[in-house]
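1. for reference, the sequence and a predicted model appear below.
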Amino acid sequence: MKYLFYLGHPAHFHLFRETIKELRNNTHSVEIVIKRKDVLEDLLDAGGWDHKNIYPHDRKETMSSVAISLLERDWEFLKIVRD
């Protein structure tokens, strides 16, 4: 079976780490999608986990910038799900 996890915060890594390991040990296909946040990418790299970063750059804190970044992430996420 195929599983897709979206991790948007380092706490999500700690929350789903054991579940992802167990799924992979049971020969399931697991894909991890992230947005850059604090040390999240470092945690995944240190664990040797493959992942796709759908929003690798920073955004401004204006309301319009937040809305635009959400639409950009959703678009990238949709392309991954369709594949």
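-> Yep, it's here.

2. so how far is F77 from K60?
-> The spacing between K60 and F77, counted by Cβ to Cβ, to the nearest Å, is 21 Å. (C-beta placed from N, C-alpha, C; glycine too.)

3. which of these two has more residues huddled nearby?
-> A count of neighbours by other Cβ atoms under 10 Å puts F77 above the other of K60 and F77, at 17 against 10.

4. so where do the helices sit in this structure?
-> Assigned by DSSP state H, the chain shows helices spanning 10-25, 40-47, 63-82.

5. in the last one, what's buried?
-> For helix 63-82, the buried set under the neighbour-count rule, 16 or more other Cβ atoms under 10 Å, comprises S69, R73, E76, F77.

6. with the shortest one instead?
-> Judged by neighbour count (16+ other Cβ under 10 Å), helix 40-47 contains these buried residues: L40, E41, L43, L44.

7. taking the centroid of this protein, which residue is nearest it?
-> Most central residue of the chain, judged by C-alpha distance to the mean C-alpha position with Cα atoms, centre = their mean, is I34 at 2.0 Å.
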